[in-house]
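*Asks:* Fold the stuff below for me.
(4 chains)
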2 protein chains.
Amino acid sequence: MATIHDVAKRAGVAPITVSRVINHSGYSSQDTRERVEAAIAELEYVPNRLARSLRSKRTNTLALVLTDITNPFFTTVARGVEDTASDAGFTVVFCNTDESETEEQKYLQVLLQQQVDGILLVPARSTPESVEMIKKQGTPVVVLDRKMPPNTEVDIVRCENVEGAYQLVKLLIGLGHQQIAVLSGPKMVSTAEDRVVGYRQAMTEAGLSDVTDLIYYGAFTQASGYGLTRKALTVQPQPTAIFAANNLIGIGALKALQDAGLRVPKDIAMVSYDDLPANLVTFPFFTVAVQPAYEMAKKATQLLLARLAGEAPAQCQEVVLPTEIIVRQSSGQARN
Amino acid sequence: MATIHDVAKRAGVAPITVSRVINHSGYSSQDTRERVEAAIAELEYVPNRLARSLRSKRTNTLALVLTDITNPFFTTVARGVEDTASDAGFTVVFCNTDESETEEQKYLQVLLQQQVDGILLVPARSTPESVEMIKKQGTPVVVLDRKMPPNTEVDIVRCENVEGAYQLVKLLIGLGHQQIAVLSGPKMVSTAEDRVVGYRQAMTEAGLSDVTDLIYYGAFTQASGYGLTRKALTVQPQPTAIFAANNLIGIGALKALQDAGLRVPKDIAMVSYDDLPANLVTFPFFTVAVQPAYEMAKKATQLLLARLAGEAPAQCQEVVLPTEIIVRQSSGQARN
DNA sequence: TTGTATGCGTTATCAC
DNA sequence: GTGATAACGCATACAA
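*Replies:* Numbers count the residues shown, from 1 in each chain, chains lettered A, B, ... in the order given. Down below sits the predicted model:
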């Protein structure tokens, strides 16, 4: 409730001097500093960041807009952003869009009004509208995890998706599978589409090009994984293996298979993108492609901070990090 | 980049008129409104919330300070707060303290500087310092999930802990167990302590009062659950059942038991507080006491919003919600 | 229905 | 090393 004026009066100095002491900017004598600090303590003065930011045009705040923070992959991303930003003295605001473009627009509107210094965006759809809107207001933005249409002028930090999917499916093929269904996320989301591209590459390479009926698009959720699996099981010939395009789809699929009385990997094999967090899992079971989520988040945040500091090269960058395959039980043994 | 002045000039009105149109406050003619809205669209004007809040003394922002958002229980809490606040037109800022009082203080300092309208606090320790600090700045606060020392003047919304623990342990006793170890969270955290109180009640009631060696305090984490379980297994006579004071401890315990070659519930029974989220689990396996996390968060947020609106009774409230027991496999069958 | 004057709490700028 | 003045962009109070 006390303002910088009250502190100044009590310390017998001008407000600007208090400001200098608080911000360690400019010069101040030992004596002045001590008197000011005493006054601050006595009055329990708390600086008003609204006023400070209004004047200085910096909020020291970044925003992370993503689709679903309950997805462990994004929980890790959030940690990475928070840790990196925090080390640089920045606060992070988190926003969940639930994969909805409308929600995304609403949040971005609010964030721009709040004058955040920069935005990290996992776009709900791989279209340029949101990025354009942010750039129009002069706010730096880095796209995270997903591609943008070619020629979109924006920094991107994401992971390899085609290659990881290709490797997973190739693994299944190597074990003797031919009827491999892929359960993916939404169309128009680059990660969902790229994983299907990787799948197709592996299948085509093995001479299995007639795969249209084996490709399912849905959402990156457990419910979608469950539903798509039930659908996939009705088709003849039944798939002998399933590639789930993310961890939640994988869990839904596993549940659906159990409910259908099928054993994994004995009756049907499975692989999936994204691992589950170690602290929530008792048996690591899925064969997966793991993305370096924390690293990706860190890199993206560093790039954004560099832009804010005017230290990054003018040219936009696209950073792509590799994925790693971890083989566990769900993919099973070779069949003949 | 455009300000309210630019819009006013373009629309041929005074800035205050633009303000009125934006905020739907006061009167404005159809004609003026249209001209202003056109100017806003043309200039792509985004109102500056810093300036607005500085003047109006309201930020329309709440803060939720909790210990670990990766814990599914708190993820649900966060959703409940966000949904409720959002419906009322408020933005929510989330902060993770990792159960550290130092982190908590740091975050609270920043939040007060940012002039958040109200704070929802899951205190890292059940001590009154943080609450006092917030109240000193005149910011409304509601404590979530945990008790405060008696006579702390603050609103609290939490769940029943003693009763749930009592029921879980009674269930184990009813199945024939006598050597029941309890793996709890940190001392000085009311939920950790209350669950031990409930445990003691059930044990004492069954004439099993010599339990000191069966009580373990640690952290509410998977790692702590793992470590405490290993420790508990070295004691003779070995426990025949384990009560994990939360879900993460439960998972850690299960892992440790598996690593020790023990089968649950055949060799050793388990129960735990807090369920795991349905979208991350393939076999619901644990017998648990479930807290209505979402409801709790909603109630707390509503109470805080009521205080902000000056609608709540002056008297501080303590709302306590009941827990529900769900029996699954981990607790096993009766033994003789 | 619209406008004028003023101040929110801080810091940039320039002066001493 | 310290201070006076003005300005950031908006909304309150009052006037017209």
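*Asks:* now what about stretch A:311-327, what contacts it?
*Replies:* By C-beta atoms under 8 Å, 6 or more residues apart in numbering or on different chains, the residues outside stretch A:311-327 that reach it are A:153-161, A:163-164, A:167-168, A:171, A:275, A:287-292, A:295-296, A:299-300, A:303, A:306. All C-beta spots, glycine's among them, are computed from the backbone N, C-alpha and C.
*Asks:* Okay, buried residues for it please.
*Replies:* A:A312, A:T323, A:I325 (16 or more other C-beta atoms under 10 Å in any protein chain shown).
*Asks:* and it, C-alpha only, in CSV?
*Replies:* Presented in CSV, the C-alpha positions along stretch A:311-327 are these (Å, rounded to 0.1, in the frame of the first residue of the first chain):
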residue,chain,number,x,y,z
GLU,A,311,21.3,-10.7,-29.8
ALA,A,312,19.9,-13.1,-32.3
PRO,A,313,20.7,-13.0,-36.0
ALA,A,314,18.1,-11.2,-38.0
GLN,A,315,17.3,-14.2,-40.1
CYS,A,316,14.6,-16.5,-38.7
GLN,A,317,15.7,-19.9,-37.6
GLU,A,318,14.2,-23.4,-37.7
VAL,A,319,15.8,-25.7,-35.1
VAL,A,320,15.0,-29.4,-35.4
LEU,A,321,16.0,-31.8,-32.6
PRO,A,322,16.4,-35.6,-33.1
THR,A,323,14.2,-38.2,-31.4
GLU,A,324,15.4,-41.4,-29.8
ILE,A,325,13.9,-44.9,-30.1
ILE,A,326,13.5,-46.9,-26.9
VAL,A,327,12.5,-50.6,-27.4
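*Asks:* Residue of the stretch 151-300 of chain A nearest DNA strand C, please.
*Replies:* A:D155 (26.5 Å; C-beta to the nearest atom of the strand).
*Asks:* Check which element follows the strand or helix carrying A:I156 along the chain.
*Replies:* Assessed by DSSP states H and E, A:I156 sits inside strand A:155-159. Later in the chain than strand A:155-159, the nearest helix or strand by DSSP H and E is helix A:162-174.
*Asks:* Give me the mean pLDDT for the strand holding A:I156.
*Replies:* The average pLDDT within strand A:155-159 is 98.
*Asks:* again, but for stretch A:82-99
*Replies:* Here the average pLDDT along stretch A:82-99 is 95.
*Asks:* Go ahead and name everything in contact with that stretch.
*Replies:* A:60-69, A:78, A:81, A:103-104, A:107, A:111, A:114, A:116-117, A:124, A:186, A:189, A:219-220, A:297-298, A:301-302, A:305, B:82, B:93-94, B:96, B:110, B:114.
*Asks:* Looking at the residues you listed, which are in strands?
*Replies:* Among the contacts of stretch A:82-99, the ones falling in strands (DSSP state E) are A:T61, A:L62, A:A63, A:L64, A:V65, A:L66, B:V93, B:F94, B:N96.
*Asks:* In TSV: those, plus neighbour count and distance to A:V36.
*Replies:* Below are the ones in strands among the contacts of stretch A:82-99 laid out as TSV (neighbours: other C-beta atoms under 10 Å in any protein chain shown; distance: C-beta to C-beta, whole Å):
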residue	neighbour count	distance to A:V36
A:T61	21	26
A:L62	27	30
A:A63	25	33
A:L64	26	36
A:V65	24	39
A:L66	27	42
B:V93	21	29
B:F94	21	33
B:N96	20	32
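*Asks:* Format those residues as TSV; extra columns: distance to DNA strand D.
*Replies:* Formatted as TSV, the ones in strands among the contacts of stretch A:82-99 follow (distance: C-beta to the nearest atom of the strand, whole Å):
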residue	distance to DNA strand D
A:T61	16
A:L62	20
A:A63	19
A:L64	25
A:V65	22
A:L66	28
B:V93	20
B:F94	26
B:N96	32
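*Asks:* and those near DNA strand C, which?
*Replies:* Checked against DNA strand C using C-beta under 7 Å from any atom of the strand, these yield no neighbours at all.
*Asks:* Out of the buried residues of stretch A:311-327, the closest to DNA strand C would be?
*Replies:* Nearest member of the buried residues of stretch A:311-327 to DNA strand C, counting by C-beta to the nearest atom of the strand, is A:A312, at 22.2 Å.
*Asks:* Now do the same for the closest one: helix, strand or coil?
*Replies:* coil (DSSP: H, G, I helix; E, B strand; the rest coil).
*Asks:* Is there proximity between the helix or strand hosting A:E37 and chain B?
*Replies:* For A:E37, the host element (DSSP H and E) is helix A:30-43. No: on the criterion C-beta under 8 Å from any C-beta of the partner chain, helix A:30-43 is out of touch with chain B, staying 10.9 Å away.
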